[in-house]
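Asker: Sequence first, then the predicted structure:
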Amino acid sequence: MKTKIVATIGPACSDYSTLAKMATEGMDVCRLNFSHGTHEDHQKTIDIVEQINKLQNNHIAILADLQGPKIRLGALENDFVALEAGDQIRLVTYEVVGNNSRISIRYDAFASDVKTGDLVLIDDGKIALRVIETNGIDEVLLKAETPAKIEARKGVNLPDTSISLPSLTEKDLKDLDFLLQQDIQWIALSFVRSAKDIHLLREKIEAGRVANKPGIIAKIEKPQALSNIEAIVDASDGIMIARGDLGVEIPMEQVPMIQKRIIQLCQKKGKPVIVATQMMEAMISSIRPTRAEVSDVANSVLDGADALMLSGETSVGKYPVDTIRIMQQIINQIEDYEAIYYRHEKPNDASHPRFISDSVLFAASNMAQSTNASAIIVSTHTGYSATRLASHRPKAKLFAFSGNKFVLRQMNLLWGIYGFFDSSLDQADKLMNHLNDLLIEAGQLQKGDRVIHVLSTPAWSKGNSNTLRLGEL
């Protein structure tokens, strides 16, 4: 398998037995959703994943997803507030128990940020209200565009409004303090609007951790992010196309082509990309996905996603293990299709400090295609060479060796990468033969296979892949 599976952890799958079965069926990354659960809950999952990695000799990664500035309504006197089309209601930023005339919204600058005519969407876009007027301080008058049934604490989206909330909330900062004490490979930042949001999170990570710094995944779910997408991709270590909020904040018919364009951009930039939300949502309650969901998973693989993410399907669904197994079956079927491979992107910036390495890795993928090589083998300290190789989507197997288990787990998100731990990589003598023997012993290669080694000269020079060697086992 080359396309990876990210599974969200929740009550349905947080025990050791279920997580171990999910790992066996093909789960590559565990997502911890910090919109839910306590630090104690997440600590338990982190500990279980560590156990599974040791017992299964695996490299399952952990992706911690920060909640971000999610806007929600407050409490209501009754179960819901019913509105007819044209009815008016006030959203207020002070705390009240809501009724048919006013409901509190947990967004202090709401009245100063919105303007007349702005659209306000509630409950994943199911309810649409339009701003009539705002006092600029703490109250906004809105009109219902359709009949509506507003429930307490539902999420709010503001597709027409440039919100002034910080990208990292007080809760996010507390969660980040907890995460930087853990062995976390990736941190996802919600509601990214510009590269500045990424830079701020990176500063916090740099200040709070000396070694084994988690990579940053930028979640694309705001219109402002689409306007700044290239700078965001450059600033981040990976991208998540969060189609849930994105499909509410922009016209939903635009999402499929945006998904394709972002995946293409990430491959060009050598950054991993995750496609998320409603991939197999029917399996929350059904033993089988819908035909449309099967097609969605298949098309995301065809588009070239590094990983596909499951949310409620595994966190609260009835069939978390079956969901992983069926998604794996779909991925395996589509990966027989030749057109998904060898999407080479030639380096064109000769002034870039990685230009030589990038050119060598580009050549490795080209060579694998022209020689029908079985595998490309790379040794890496940081995972950079593996990341660039994966972005070229070679059909040849990609084997990445590292003496750093954190790096191996981080690479488990990357398309096509098979990671192997080896603590003797600093021994340059006979390195290629040593790695070949390990792969033959593991049953990954056999005598007669044609393989390409990506090397550094002088041997094992960090961050300096500059040599290719083609040979037969």
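Answerer: Arrived safely, thanks for sending. Worth saying up front: this structure is predicted, and the values here are computed from it rather than measured.

Asker: So what touches the host helix or strand of Leu455?
Answerer: For Leu455, the host element (DSSP states H and E) is strand 450-456. The contact list for strand 450-456, computed with Cβ atoms under 8 Å, 6 or more residues apart in numbering, reads 360-361, 364, 367-368, 371-379, 385, 389, 396, 431-432, 435-436, 445, 462, 464-473. Every C-beta, even on glycine, is put in place using the N, C-alpha and C of the backbone.

Asker: For PyMOL, write a command that selects the buried ones of the residues you listed.
Answerer: Per 16 or more other Cβ atoms under 10 Å, the buried members of the contacts of strand 450-456 correspond to this PyMOL selection:
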select buried, resi 360+361+364+367+368+373+374+375+376+377+378+379+385+389+396+431+435+436+445+464+465+468+473
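
Asker: coming back round to it: in its sheet, what does the strand holding Leu455 sit against?
Answerer: Strand 450-456 sits in its sheet next to strand 375-379 (parallel), strand 465-472 (antiparallel), going by DSSP bridges.

Asker: What does Ile163 show for phi and psi?
Answerer: Dihedral angles of Ile163 (phi, psi; degrees, to the nearest 10) stand at phi -80, psi 150.

Asker: got a list of what the nearest residue to it once chain neighbours are set aside touches?
Answerer: Excluding its sequence neighbours, the residue lying closest to Ile163 (Cβ to Cβ, 6 or more residues apart in numbering) is Asp113, at 5.7 Å. Contacts were defined as Cβ under 8 Å, 6+ apart; by that measure Asp113 touches 107, 158, 161-164.

Asker: Among the residues you listed, which pair sits farthest apart?
Answerer: Tyr107 and Ser162 (12.9 Å; Cβ to Cβ).

Asker: Rebuild the contacts of Asp113 as CSV, extending it with pLDDT and secondary structure.
Answerer: Shown next, in CSV, are the contacts of Asp113 (pLDDT from 0 to 100; DSSP: H, G, I helix; E, B strand; the rest coil):
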residue, pLDDT, secondary structure
Tyr107, 93, coil
Leu158, 93, coil
Thr161, 91, coil
Ser162, 87, coil
Ile163, 88, coil
Ser164, 90, coil
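
Asker: now these: which count as buried?
Answerer: Neighbour-count burial (16+ other Cβ under 10 Å) applied to these gives 107, 158, 161, 163.

Asker: Would you confirm that the second one contacts Ile71?
Answerer: Yes. The criterion here is Cβ atoms under 8 Å, and Leu158 meets it with Ile71 at 7.2 Å.

Asker: And Lys269, its phi and psi?
Answerer: phi -90, psi -10.

Asker: Now it: closest residue in space, sequence neighbours ignored.
Answerer: Lys269 sits nearest to Val233 (Cβ to Cβ, 6+ apart), 5.2 Å away.

Asker: Contacts for the host helix or strand of Leu91 next, please.
Answerer: Using DSSP H and E, Leu91 sits in strand 88-92. Here strand 88-92 makes contact (Cβ under 8 Å, 6+ apart) with 73, 81, 83, 100-105, 110, 120, 129, 132, 138-144.
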